[in-house]
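[1] predicted model and sequence below, questions to follow.
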Amino acid sequence: MTNETPEKRLALIHRVITPDKEYPKEYAILVTDTRSIFIHQRKTRSSFVLRGEIRFGTALVTDVNPKTLQDYEQTSLESLTADKENITIPHETVISLVMKTEEQKFHARDLFVWLTMKRQGHKFQVYDLEMTYHKTPDNDAMIKFYMVPLGAYFKPKRQSETRQAILREYAMDAFKIFQKVLPTKIQSS
């Protein structure tokens, strides 16, 4: 008989994007009481669109519904960690988690979006998190992920909230999830 407590699934961050020179990657993050599992999402958009979403902080395409914690209840944690496309980071290996804000620089190809946001009085305020962790005892790694909610999350809130408030709320919700499992290792800048 074992006295091991089963691992608890605490929350799901339905979408983040990690930058990549070839093709940015979309992940959902399943946070348990002992680790965070970055679940790779299938390619739904072009690299150009994903890079734009990183710059604007919001999904440009609204046809994908966010997954929920219940969507992953029947999937074993072992199968998620065995998938080579997923990234598993045990919480005890995390050195730091830093939340940053980036105000994006204007690019000529973004003129229409920039003019629309300026007319609405909005900023290109993008939030990202940088998680540094021990990959091996002798090697540290860092993963940077942008907090970019799907359009299905963003669009309904847009009726009553500003773009800036929605993006801040999405980033802060994720930050608070990590605060619960990494209380002494996180900071905001």
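    Alright, I've got the coordinates. Numbering: from 1, shown residues only.
[2] can you point me to the longest helix in the protein?
    Secondary structure of the chain read by DSSP state H shows that its longest helix is helix 163-181.
[3] show me what it is packed against.
    Packing contacts for helix 163-181, counted by 3 or more CB pairs under 8 Å, 6 or more residues apart in numbering; DSSP states H and E, involve strand 9-18, strand 25-32, strand 94-103, strand 125-136, helix 151-158, strand 186-188. Just so you know, the C-beta spots here come from the backbone N, C-alpha and C atoms, and that holds for glycine as well.
[4] what's the least confident stretch among the ones you listed?
    The stretch with the lowest average pLDDT out of the helices and strands packed on helix 163-181 is strand 186-188, scoring a mean of 64.
[5] and residue 21, helix, strand or coil?
    coil (DSSP: H, G, I helix; E, B strand; the rest coil).
[6] which one, of the helices and strands packed on helix 163-181, ends up nearest to residue 86?
    Between residue 86 and these, the tightest spacing by CB to CB is seen for strand 25-32, at 8.0 Å.
[7] residues contacting the following helix or strand past that closest one, please?
    Helices and strands here follow DSSP states H and E; after strand 25-32, the next one along the chain is strand 35-40. Strand 35-40 has contacts (CB atoms under 8 Å, 6 or more residues apart in numbering) with 7, 16, 18, 25-31, 72, 77, 80-81, 83, 85-91, 131, 143, 145, 178, 181.
[8] return the members of those classed as buried.
    For those, a neighbour count by 16 or more other CB atoms under 10 Å gives the buried set as 16, 18, 25-31, 72, 77, 80, 86-89, 91, 131, 143, 145, 178, 181.
[9] residue ranges with poor pLDDT in this structure?
    When residues are selected by pLDDT under 70, those of the chain lie in 1-3, 59-63, 102-124, 183, 185-189.
[10] wait, what's in contact with the residue nearest to residue 44 when sequence neighbours are not counted?
    In space, residue 44 comes closest to residue 64 once its chain neighbours are excluded; the distance is 5.7 Å by CB to CB, 6 or more residues apart in numbering. When contacts are counted by CB under 8 Å, 6+ apart, residue 64 is found next to 44, 150-152.
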